[in-house]
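Trainee: model this:
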Amino acid sequence: MKDLVRMRTSLAEEMQQLLNEQIKIEATSSAKYLAMASWCAEQGFVHSEAYFMEQAQEEREHMIKFFKYVNDAGGRAISPEVTNIPQDFESLRDIFETALEQEIGVTSTIYRLVESARKGRDYITEHFLQWFVQEQMEEEVNARRAVQLFDIIGEESGFNLYQIDKAIRKVRGGEGA
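Mentor: Next up, the predicted model:
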């Protein structure tokens, strides 16, 4: 009877492995955003610090969603080890460009998961992933808006960087810059 309870009826082994890889990607993203928040705090960019703290929390929530899904589907979620997180950045712009690159990369992995679910006829997992497809669209839009601020406002002076930092608080709220 015990084996019957743990029988994997809705999650193929390959999909479980891919989802566990995504759990690690989300955990790594969260850790990177924490490092970015710390750098911003050290530099006095309080709004950017708050932005990245919120991003870190959101990525952790994504990790937990994947973790719970794997377990609920009868699989075994693996708590990831996160290492080699960069702590130093060249500039505020560098951080936001890195964040945009990171979000584009995460979108790519989500798309691969959807493709794998379709190929394996895993309709439940595909349905679960649709929320992440939409979420990644929003994440990329916000990250792009933040990077665009550097071109719009310019970064040649401390005052301009202060203005960019102030404008960042509006990016996640959907108010624009």
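
Trainee: pLDDT-wise, which helix or strand of the protein ranks last?
Mentor: One helix or strand of the chain scores below all others by mean pLDDT, DSSP states H and E: helix 2-5, with a mean of 56.

Trainee: what about the helices in the protein?
Mentor: Using DSSP state H, the helices of the chain run over 2-5, 13-43, 46-72, 92-119, 123-153, 158-171.

Trainee: nearest to residue 80, out of those helices?
Mentor: helix 13-43 (3.8 Å; C-beta to C-beta). C-beta: built from backbone N, CA, C; applies to glycine.

Trainee: show me what that closest one is packed up against.
Mentor: If you count contacts as 3 or more C-beta pairs under 8 Å, 6 or more residues apart in numbering; DSSP states H and E, helix 13-43 packs onto helix 46-72, helix 92-119.

Trainee: pipe those helices into a markdown table and attach distance to residue 32, mean neighbour count and mean pLDDT per row.
Mentor: Below are those laid out as a markdown table (distance: least, C-beta to C-beta, whole Å; neighbours: other C-beta atoms under 10 Å; pLDDT from 0 to 100):
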| stretch | distance to residue 32 | mean neighbour count | mean pLDDT |
| --- | --- | --- | --- |
| helix 46-72 | 8 | 18 | 96 |
| helix 92-119 | 6 | 17 | 96 |
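
Trainee: a markdown table for those, including distance to residue 27?
Mentor: Listed next are the helices and strands packed on helix 13-43 as a markdown table, based on distance: least, C-beta to C-beta, whole Å:
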| stretch | distance to residue 27 |
| --- | --- |
| helix 46-72 | 5 |
| helix 92-119 | 12 |
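
Trainee: hmm, back to that, present the helices of the chain as JSON lines; the columns should include distance to residue 84.
Mentor: Formatted as JSON lines, the helices of the chain follow (distance: least, C-beta to C-beta, whole Å):
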{"stretch": "helix 2-5", "distance to residue 84": "38"}
{"stretch": "helix 13-43", "distance to residue 84": "9"}
{"stretch": "helix 46-72", "distance to residue 84": "17"}
{"stretch": "helix 92-119", "distance to residue 84": "14"}
{"stretch": "helix 123-153", "distance to residue 84": "22"}
{"stretch": "helix 158-171", "distance to residue 84": "26"}
